[in-house]
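> A predicted structure for the sequence below; I have some questions about it.
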Amino acid sequence: MARPATPKSRAGMAKPAPKRPAVMTGAVVPVLGWPPDEDRVEAIFERLSRVMPDPKTELNFSSPFTLVVAVALSAQATDVSVNKATDRLFAVADTPAKMLALGEDGLTPFIASIGLYRGKARNVIALSRILLEQYGGEVPLNREALQSLPGVGRKTASVVLNELGIEAAIAVDTHVFRVSHRLGLANAATPDKVEAQLHQVVPEAWLPKAHHWLILHGRYTCTARKPKCSACVISDLCPSRAGLQALGEAA
């Protein structure tokens, strides 16, 4: 049987299929128009605030230093796995001086269960040394200084600044990226561009907690595979729901 003809562009070449952003995982995310309707965005965050009135990071920490270390260790790892490691680690090294005294060889056994642990151990020891030598053992709580520390990129700095109430930052991880696209809050192809779009459309009153709401909603409800649309408090406001359910990719 002859194959149906492939649609051609004006130049006579086959049109490429639309691509999903490289950092996405799980069910297909439609390409939605942007910016979204302001009233719908307001309703989304108002409802999320009702079910999660005081959202916080699920990483365990007791100080800015332990927060920076925990967030740095969480790259490409689950919060659960990081907490298991840091519960033991922070019992013996919860300051830059104590961490530096451990050294890479002493730190490694505590975090060996976490992905990329060798590089992370190297960064944690290096940032501990810098904090002692340049900042008197205190974590500098401004973006430029934070991002200059080994192993601390924009996303890590955003998490720290947001969690400590210093900056209404939105760290775009895979959960935030996925949920933002499904809800039509963003349609950009990179985390940095999604972050910029979110800052444009999320109402100022919701910005301080928007980061946590989007992460937690993505982690437990709007999951990568089989999002729980039937249990979602904002499903009627989601432009992706019908398509996901039609494809059999939503519960």
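Good, I have the coordinates. Residues are numbered from 1 along each chain as shown.
> okay, CA-based contacts and neighbour counts for the rest of this
Will do.
> Restrict the lowest-mean-pLDDT helix or strand in the chain to CA atoms and write it as CSV.
Within the chain, no helix or strand scores below helix 241-246, which has a mean of 86 by mean pLDDT, DSSP states H and E. Taking Å, rounded to 0.1, in the frame of the first residue of the first chain, the C-alpha atoms of helix 241-246 are listed here in CSV:
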residue,chain,number,x,y,z
ARG,A,241,-6.5,18.4,30.6
ALA,A,242,-8.7,17.5,27.7
GLY,A,243,-5.8,16.6,25.5
LEU,A,244,-4.0,14.5,28.1
GLN,A,245,-7.2,12.6,28.9
ALA,A,246,-8.0,12.0,25.2
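> now for it, which elements pack on it?
Applying 3 or more CA pairs under 8 Å, 6 or more residues apart in numbering; DSSP states H and E, one finds that helix 241-246 contacts no other helix or strand.
> Spell out the residue ranges of the helices in the stretch 1-150 of the chain.
38-51, 64-73, 79-92, 96-111, 117-135, 143-147 (DSSP state H, counting those that start in this stretch).
> So for the residue nearest to the spatial centre of the chain, what's the pLDDT?
Centroid-nearest residue in the chain: Asp173, 2.4 Å away (criterion: CA atoms, centre = their mean). As predicted, Asp173 sits at a pLDDT of 93.
> Look up how far Thr156 lies from it.
For Asp173, the distance to Thr156 equals 10 Å [CA to CA, to the nearest Å].
> Check Leu198 too.
For Leu198, the distance to Thr156 - CA to CA - is 17 Å.
> and those two? which has more neighbours close in?
Between Leu198 and Thr156, Thr156 has the larger neighbour count (other CA atoms under 10 Å), namely 26 against 22.
> How many neighbouring residues does Arg75 have?
Quick fix: residue 75 is Ala, not Arg. 18.
> okay, and for the stretch 1-150 of the chain, where does confidence drop off?
Scanning the stretch 1-150 of the chain for pLDDT under 70 picks out 1-31.
> ok, now with 90
The stretch 1-150 of the chain contains residues with pLDDT under 90 at 1-34, 76.
> ok, now how distant is the nearest residue to Glu42 once chain neighbours are set aside from Val159?
Excluding its sequence neighbours, the residue lying closest to Glu42 (CA to CA, 6 or more residues apart in numbering) is Pro203, at 6.8 Å. Counting by CA to CA, the gap from Pro203 to Val159 is 19 Å.
> Tell me which of the two has more neighbours.
The residue with more neighbours, out of Pro203 and Val159, is Val159; 24 against 15, by other CA under 10 Å.
> Pull the contacting residues for the more buried one.
Each residue near Val159 by CA atoms under 8 Å, 6 or more residues apart in numbering is listed here: 71, 169-171.
> As JSON lines, those with distance to Pro109 and neighbour count would be great.
Formatted as JSON lines, the contacts of Val159 follow (distance: CA to CA, whole Å; neighbours: other CA atoms under 10 Å):
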{"residue": "Val71", "distance to Pro109": "18", "neighbour count": "23"}
{"residue": "Ala169", "distance to Pro109": "33", "neighbour count": "22"}
{"residue": "Ile170", "distance to Pro109": "32", "neighbour count": "26"}
{"residue": "Ala171", "distance to Pro109": "29", "neighbour count": "26"}
